[in-house]
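# Give me coordinates for this.
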Amino acid sequence: MATPQTPARPARVKQKRGEGQWALGYREPLNPNERSKKDDHPLNVRARIENIYAHRGFDAIDPGDLRGRFRWFGLYTQRKPGIDGGRTATLEPEELDDRYFMLRVRLDGGALTTDQLTVLGEISQDYARDTADITDRQNIQYHWIQIEDVPKIWDKLEKAGMSTMEACGDSPRVILGSPVAGIAADEVIDGTPAIDEIKRRYIGDPAYANLPRKFKTAISGQSDVAHEIHDIAFVGVDHPEHGPGFDLWVGGGLSTNPMLGQRLGAWVPRDEVPDVWEGVISIFRDYGYRRLRSRARIKFLVKDWGAEKFRQVLQDEYLKRALIDGPPPEQPARPIDHVGVHPQVDGKFYVGAAPIAGRSSGATLVAVAKAAERAGSNRVRLTPQQKLVVLDVPEAQVASLESELAELGLETKPSPWRRGVMACTGLEFCKLAIVETKARAQELVADLEKSLADIQAALDTPVSVHLNGCPNSCARIQTADIGLKGQIVTDAAGNQVEGFQVHLGGGLGLDAGFGRKLRGHKVTAAELTGYVERVVRAYVAGREPGERFPQWAARAEESVLQ
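Residues are numbered from 1 along each chain as shown. Predicted coordinates for the structure are as follows:
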């Protein structure tokens, strides 16, 4: 007699775990950062700084404020001196924290008057031990700030029309803009009015200040703000029917999971940029992944959805209207850094100068302001390449201004190495860093100016060298000709020393991509100058006519690149 068969159980469908998206009902705190923001909105921390911490001192600061909410006003504890990079990942936050702060001043578009530049310099001299680095976010970054001085610093900044609000944190951070907006001959359209309107409407609004992670914006009438690696970017483009406007990009970003932004294929007129920006940041707020910090940037949402779905959600749920289809922006023939002397559309000139890797000081900022005023200018700009530009210089004053800037260590005709180097904060002050960067960049530039002097004239464009102290890519290592990611490596004698993982041939614009990692190839800090020299000489010797470094690096034999 046949035994009856037991019916097979249906296969259990594995439930997909929620990603913490508010729009899908996942409102509960899913990681410590989300819980902290739910416990108290980060913008509320300013009152405690002014009324409690500035009076009671560092020891009175609540840990949730110290390592979390302070960031919404540009404050991070800096690294305690004397802790080597090999211990970065092994120590608790309180062991790395110094009693001093880094303070980041938010300067949208890098736009400054000479009066404002003077105030920034004076604050540096009075409260920050003369530190004042120019970042690749067009900010000024101070160190050695004491909590007792923060309200006085805010008062001075705000009286001069500046702020640290949302300079950091899970918020809409400083908006990058062209340093030469409104005066450049190559500009399609001036993005300044859109930047100003976004600031006026949305910065400081609690509704847009609790995002899954940081949100980076770039708006420019030309391709000079690294638009491909931003959460959202508006790039100047001339529509064949509608005229000058902006091409919309979303979902770019670097760090440990680099992604290039995606074009949505939409043309946006300038007066609609703030509305579209609000729509995109609202999608990020509502649909962004809040469960895991490592997947919380908008680039992961854009990757999962795709550009077509993202645009559809933006139009249907947020804008309530269709966007206009548009063409892509033109790609510049070479990277734009605004270094040197260039004519403006009004007959005057702008003068771009290069500090080494953005390293500056309060005394330098004050001196630049005075030099600009003597040259007849009252406008200065910081660039996304850690450079400085003086606008509106009459032709008769250009030479004298160049001379004064050179005396301050700001070259307007720099070597390719000074012009192309970029570095993050590094081990000197950053708690995430593994290696030193700023001082090493200065040493590298000085060494290369000597060792490669014989081939400098053969370089059509500078070979960019970017140094980063950790994997987070604040110095954009994946988009450099030679990108150097700091890590502890083993030298020939078997010792653990500071060194770098090498990325070769990254770029933006015509060469948009993340470069080539040489498997297992590391360079110690002591070998760095020799390695860069060897690779650059190989490029000059082996390139085809007109071949750019990324093109050469992509095809070169690995043995040539080591």
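# what about Pro327, how many neighbours?
13 (other CB atoms under 10 Å). (Glycine included, C-beta is placed from N, CA and C.)
# so which helix or strand takes in it?
Under the criterion DSSP states H and E, no helix or strand holds Pro327.
# Spit out the contact partners of the most centrally placed residue in the chain.
With distances taken as CA atoms, centre = their mean, the residue of the chain nearest its centroid is Arg137 (4.3 Å). Neighbouring residues of Arg137 by CB atoms under 8 Å, 6 or more residues apart in numbering: Arg173, Val174, Leu176, Lys216, Pro384.
# where exactly do the strands run in the stretch 101-250 of the chain?
All strands of the stretch 101-250 of the chain, identified by DSSP state E, counting those that start in this stretch, fall at 111-113, 133-134, 140-145, 172-177, 215-220, 232-239, 243-250.
# With Ala54 as the reference, name the closest of the ones you listed.
With CB to CB, the closest approach to Ala54 among these belongs to strand 140-145: 11.5 Å.
# What helices and strands are in contact with the closest one?
Applying 3 or more CB pairs under 8 Å, 6 or more residues apart in numbering; DSSP states H and E, one finds that strand 140-145 contacts strand 75-79, strand 97-105, helix 114-127, strand 133-134.
# Can I get these in a markdown table including distance to Ala322, mean neighbour count and mean pLDDT?
Formatted as a markdown table, the helices and strands packed on strand 140-145 follow (distance: least, CB to CB, whole Å; neighbours: other CB atoms under 10 Å; pLDDT from 0 to 100):
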| stretch | distance to Ala322 | mean neighbour count | mean pLDDT |
| --- | --- | --- | --- |
| strand 75-79 | 42 | 24 | 97 |
| strand 97-105 | 38 | 22 | 97 |
| helix 114-127 | 41 | 21 | 98 |
| strand 133-134 | 41 | 24 | 98 |
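# Show me what stretch 333-348 is in contact with.
With CB under 8 Å, 6+ apart as the test, stretch 333-348 has contacts from 179-180, 183-185, 222-224, 349-354, 383, 385, 387, 389, 391-395, 398, 402, 412-414, 419, 460-461, 464, 507-510.
# go on, stretch 485-494?
For stretch 485-494, contacts defined as CB under 8 Å, 6+ apart pick out 85-86, 426-427, 433-435, 437, 467-471, 473, 477, 496-503, 522-524, 526.
# likewise stretch 496-503?
85-86, 434-436, 467, 477-478, 480, 482-491, 514-518, 521-528, 531, 561.
# hmm, back to that, going by neighbour count, which of the contacts of Arg137 comes out on top?
Leu176 (27 neighbours).
# So that one is in contact with Ala226, correct?
Yes - assessed by CB atoms under 8 Å, Leu176 is found in contact with Ala226 at 7.3 Å.
# Can you pull the residues that touch both of the two?
Residues touching both Leu176 and Ala226 by CB under 8 Å, 6+ apart: Ala218, Pro384.
# Please name the residues that touch Gln551.
Taking CB under 8 Å, 6+ apart, one finds Gly505, Asp511 in contact with Gln551.
# Confirm it sits in a strand?
No - counting by DSSP: H, G, I helix; E, B strand; the rest coil, Gln551 is located in no strand; its state is helix.
# on that earlier part again, I'd like to know which of the contacts of stretch 485-494 are buried.
Buried subset of these (neighbour count, 16 or more other CB atoms under 10 Å): 85, 426-427, 433-435, 437, 467-470, 473, 477, 497-503, 522-524.
# any idea how far Leu459 lies from Glu241?
From Leu459 across to Glu241, the span is 42 Å (CB to CB, to the nearest Å).
# the more surrounded of those two?
Taking other CB under 10 Å, Leu459 and Glu241 do not tie; Leu459 has more neighbours (17 against 7).
# Looking at that one now. What's its pLDDT?
We have a pLDDT of 89 for Leu459.
# Wait, it touches Val540, no?
Yes - between Leu459 and Val540 there is a contact at 7.2 Å, judged by CB under 8 Å.
# Chain neighbours aside, what residue packs nearest to Val276?
Excluding the flanking residues, the one nearest Val276 by CB to CB, 6 or more residues apart in numbering is Val268, at 5.2 Å.
# Point to the helix or strand of this structure where mean pLDDT is at its lowest.
Using mean pLDDT, DSSP states H and E, the weakest-scoring helix or strand in the chain turns out to be strand 513-524, at a mean of 87.
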